[in-house]
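Q: after the sequence you'll find the predicted model.
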Amino acid sequence: MRHTFFARGRSPVALFLLLGILATTQAGAATLRVETWGEDAENCGSRAAPCETIGYAIGARASRNDRIIVGPGEYRDNLAINFNLSGPLDGLKLESTAGRWGTMIRGDTDGQPTIRIGRPRVQIGRKGRGFTIAGPLSSYVSTAGVATLGDGVERLRIEGNWFVDHEAGIALDSFNGGKHRIAHNLFTDLYYGVYLAQAEKTVIHDNRFEIDVEVDSDDTAPDIAIELREGSDFTSVFRNRIIGGATSNGIRSDNDTEYLRIRDNVVSGHTSFGYELGDIVGTRVEYNIASGVAGDGFYLDQDGFAVDPKVTGNLALGSGHNGFMVVETNDLALTGNTALQNADYGIRLASSVVASAKRNATYHNDLAGPGCGLLEIASTITYQQHYFGGASGPDAMVPDGDGHDTACGTFGAGSTFASKPAPVSLKRARQL
């Protein structure tokens, strides 16, 4: 039964009091202005008399829930959003008028994050009103563009920014933190794009990680675009585009990060794995693409526990090794995945117990070998409607290079084969 506010025993008087509190809180939030032509003075922050530096507006003028709107130009400072004389700066919002192409915050201290955040609900940028957040000109040793400071930092919103010249674009590691939103950002010239630890229930979506040759001659894509470490369980990663040049992985999680949702991402051109997920307990890997990576398209490891992971509708295309490498995984459901033109095996299973394998397709794989669409090691699996590139099921184990794959392993009783593959949706194909 659906309950209303009044049905739970609260009186109309309580409702009016609550609305009054919310209205007072909203009314108390101020908007402060910063312009390069402004002046840092006691009462700065209006349109007519803006502050000159973002650091002064934060440190001397702002209060919790305030909004700081920054005009175009370059601002050199290392910012800390934590406390000032007014108290804790929870809910502070930082936006630009010209967007990330017209407004830069550049750190001026080596070895320090450009922006450190020690309070919850802080917002850095928003779609169309973000910043270029850069490391110092003297070197590329800024530790991060945005980083957490202390414990309990949660519900950050980082949106619409360009991160360049840092070890990590965003590094959020705060005990009892999490529930952040990272969206619509661009990442170049970094080691990590996004690094999360102790940041459960975070949402990372619609970001772009790429090489932009117009930035400078040393520009490279992130070595690891998205890194999920211990304490980042229940994180959702969707609709991110990760373009090659990296020397490591597109999306990676360690052996202590579980119950992830990895959906509708595209990873292309990396020199190692597209997706390396170290513990897929309870994880959903759905409708992602790995294209032209030098290692495995998808490397999946469940760390030995049998808790319902699902791998559905993914495409591994042109990988330098296996399309899908599944290691020591129990109770896995493989449904509707496609492995096409991978140098080694389409799907390789090592000591894995698959609960179900339905409507998968492996063809034009392992062309230099016997054409193994599937390789099973210490596994016997029953396949339903698996497509090998021909109407007759798996090809004979003959290295004929015709793209009709074979099965290198033992099928379970009752396996069935499809005469044609399920189509890859045009929407997903256009992302390549």
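A: Structure received. Numbering: from 1, shown residues only.

Q: pLDDT averaged over stretch 120-128 - what is it?
A: On average, the pLDDT along stretch 120-128 is 97.

Q: ugh, wrong one, I meant stretch 137-155
A: Across stretch 137-155, the average pLDDT comes to 84.

Q: and it, end to end?
A: From its first residue to its last, stretch 137-155 covers 31 Å (Cα to Cα, to the nearest Å).

Q: same question for that stretch: list its buried residues.
A: For stretch 137-155, a neighbour-count test (16 or more other Cβ atoms under 10 Å) marks 140, 142, 143, 144, 145, 146, 147, 148, 153, 154, 155 as buried. Quick note: C-beta positions are derived from backbone N, CA and C, even for glycine.

Q: likewise for stretch 254-263?
A: Using 16+ other Cβ under 10 Å as the test for burial, stretch 254-263 gives 254, 256, 257, 258, 259, 260, 262, 263.

Q: what of stretch 342-357?
A: 342, 343, 344, 345, 346, 347, 348, 349, 352, 353, 354, 357.

Q: format those residues as TSV; extra columns: secondary structure and distance to residue 45.
A: Output for the buried residues of stretch 342-357, formatted as TSV (DSSP: H, G, I helix; E, B strand; the rest coil; distance: Cβ to Cβ, whole Å):
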residue	secondary structure	distance to residue 45
342	coil	58
343	coil	59
344	coil	61
345	coil	62
346	coil	61
347	strand	60
348	strand	60
349	strand	62
352	coil	60
353	coil	62
354	strand	61
357	strand	62
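
Q: pLDDT and distance to residue 91 added to the residues you listed, as CSV?
A: Below are the buried residues of stretch 342-357 laid out as CSV (pLDDT from 0 to 100; distance: Cβ to Cβ, whole Å):
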residue, pLDDT, distance to residue 91
342, 93, 48
343, 91, 51
344, 91, 51
345, 90, 51
346, 92, 50
347, 91, 48
348, 88, 49
349, 83, 49
352, 65, 47
353, 66, 48
354, 70, 47
357, 85, 48
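
Q: SS state for residue 58?
A: Residue 58 falls in the helix class when you classify it by DSSP: H, G, I helix; E, B strand; the rest coil.

Q: how close does it sit to residue 133?
A: Using Cβ to Cβ, to the nearest Å, we find residue 58 at a distance of 15 Å from residue 133.

Q: looking at these two, which has the bigger crowd around it?
A: Comparing residue 58 with residue 133 by other Cβ atoms under 10 Å, the one with more neighbours is residue 133, at 31 against 24.

Q: for the stretch 301-432 of the chain, which segments count as helices?
A: With DSSP state H, counting those that start in this stretch as the definition, the stretch 301-432 of the chain shows helices at residue ranges 426-429.

Q: how about low-confidence regions in it?
A: Residues of the stretch 301-432 of the chain meeting the criterion pLDDT under 70: 303-306, 352-353, 355, 377-380, 396-402, 424-432.

Q: quick one on the thing from earlier: between all of the buried residues of stretch 342-357, which two are separated the most?
A: For these, the farthest-apart pair by Cβ to Cβ is 343 and 353; their separation is 26.6 Å.

Q: straight-line length of stretch 336-356, end to end?
A: 11 Å.

Q: and it, how far out from the chain middle?
A: Stretch 336-356 sits 24 Å away from the centroid of its parent chain (Cα atoms, centre = their mean, to the nearest Å).

Q: now do stretch 347-367
A: 26 Å.

Q: check contacts around residue 252.
A: 224, 226, 227, 228, 273, 275, 276, 277, 278 (Cβ atoms under 8 Å, 6 or more residues apart in numbering).

Q: kindly report the same for residue 130.
A: By Cβ under 8 Å, 6+ apart, residue 130 lies in contact with 95, 96, 99, 100, 124, 159, 160, 161, 162, 184, 185.

Q: pLDDT at residue 38, what is it?
A: pLDDT for residue 38: 98.

Q: helix, strand or coil for it?
A: Three-state assignment for residue 38 (three-state DSSP): coil.

Q: so it sits against residue 44, correct?
A: Yes - taking contacts as Cβ atoms under 8 Å, residue 38 lies within contact range of residue 44: 6.2 Å.

Q: can you pull the residues that touch both of these two?
A: In contact with both residue 38 and residue 44: 50, 51, 52, using Cβ under 8 Å, 6+ apart.

Q: closest one to residue 177 out of those, please.
A: Top of the list for closeness to residue 177, among those and by Cβ to Cβ, is residue 51 at 29.3 Å.

Q: residue 73 versus residue 130, what's the distance?
A: Distance of residue 130 to residue 73, given as Cβ to Cβ: 15 Å.

Q: hang on, the earlier thing: so which of the contacts of residue 130 wins on neighbours?
A: Counting neighbours by other Cβ under 10 Å, residue 161 leads those with 32 neighbours.

Q: quick one: contacts for it?
A: 100, 124, 125, 130, 131, 132, 133, 145, 185, 186.

Q: do I have it right that the second one meets residue 145?
A: No - assessed by Cβ under 8 Å, residue 124 is found out of contact with residue 145, at 9.0 Å.

Q: residues shared between the contacts of the two?
A: 115, 133, 161.

Q: any chance of the residues you listed in a markdown table, plus pLDDT?
A: Output for the shared contacts of residue 124 and residue 145, formatted as a markdown table (pLDDT from 0 to 100):
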| residue | pLDDT |
| --- | --- |
| 115 | 97 |
| 133 | 97 |
| 161 | 98 |
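
Q: filter these down to the ones in strands?
A: Judged by DSSP state E, the subset of the shared contacts of residue 124 and residue 145 located in strands is 115, 133.

Q: of the shared contacts of residue 124 and residue 145, which is the nearest to residue 327?
A: Among the shared contacts of residue 124 and residue 145, residue 161 lies closest to residue 327 (Cβ to Cβ), at 36.2 Å.
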